[in-house]
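Q: From the sequence below, what's the structure:
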Amino acid sequence: MWRNRALMLFDRVAVPVAVCDVYGMVQAANPAMAAECGTTPGRLRGQDVLDLFRPQESDQVERIAQALRLRHRSRYQVSVRWRAPDGTERHGELTADPVSDTVEDTPALLVMLRVQGEAAPAEPVPARVTLIEARILALLAGGATSARAARETGLTTDGVTYHLRRLSARWGAANRTELVARAYALGVLAIGVWPPVAAGRITGIR
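A: Residues are numbered from 1 along each chain as shown. The predicted structure follows:
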């Protein structure tokens, strides 16, 4: 009964709210959060919250990730920008509170968005990938198989496949050829360089 009442309150609250796993993947979102993204709550499920709302300072995210790995349970705040459904650029603050039944459990993140207003036009934001993801993409662009990419990066073949699936879901790529093409289009891989290498500054968290 209390769970049902909590879900009703979650859906009716006017503040944009989402529940994410510890890696930032949306597990549930209320209508107010979905409205900020121009979609429905169900379509937000499984998306990376940091693909929806862009951090203004990437080092904020890394500090939070490190704190969560150490099982710290503070309230975390990240300044973000995003594009509203009407095309305007907005800015605000994401507040994440780790929640779980016991301190030993891996926490979920209760994420709330505070809209602060429309933002000045932002500089283009590089695609958010990790160093290991960029390395895997460069190896694939050079013709490497998953087995070779695993040897080169120190991962298992399953580990390489895991990263490729996350990238494919993040960018909507249907296959590895499209994934590599998008990596070049998004500026993740340097153009005109052989063997392929990552371009510029790589942002994101493991």
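Q: In terms of pLDDT, where does Ala149 sit?
A: We note a pLDDT of 94 for Ala149 in this prediction.
Q: Can you tell me the element it falls in?
A: Using DSSP states H and E, Ala149 falls within helix 146-153.
Q: Please apply the same query to Leu140.
A: helix 131-141.
Q: Hey, what's the angle from that helix to helix 146-153? Just curious.
A: With axes from the mean of the first three to the mean of the last three Cα atoms, to 10 degrees applied, the angle from helix 131-141 to helix 146-153 works out at 130 degrees.
Q: Helix 131-141 packs against which elements?
A: Under the contact criterion of 3 or more Cβ pairs under 8 Å, 6 or more residues apart in numbering; DSSP states H and E, helix 131-141 touches helix 146-153, helix 157-171, helix 176-185. C-beta coordinates here come from the backbone N, C-alpha and C atoms, glycine included.
Q: Put together a markdown table for those helices, with distance to Glu118 on each row.
A: Converted to a markdown table, the helices and strands packed on helix 131-141 look like this (distance: least, Cβ to Cβ, whole Å):
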| stretch | distance to Glu118 |
| --- | --- |
| helix 146-153 | 41 |
| helix 157-171 | 26 |
| helix 176-185 | 28 |
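Q: can I get the ones you listed in TSV with mean neighbour count and distance to Ser74?
A: Shown next, in TSV, are the helices and strands packed on helix 131-141 (neighbours: other Cβ atoms under 10 Å; distance: least, Cβ to Cβ, whole Å):
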stretch	mean neighbour count	distance to Ser74
helix 146-153	17	33
helix 157-171	16	27
helix 176-185	17	35
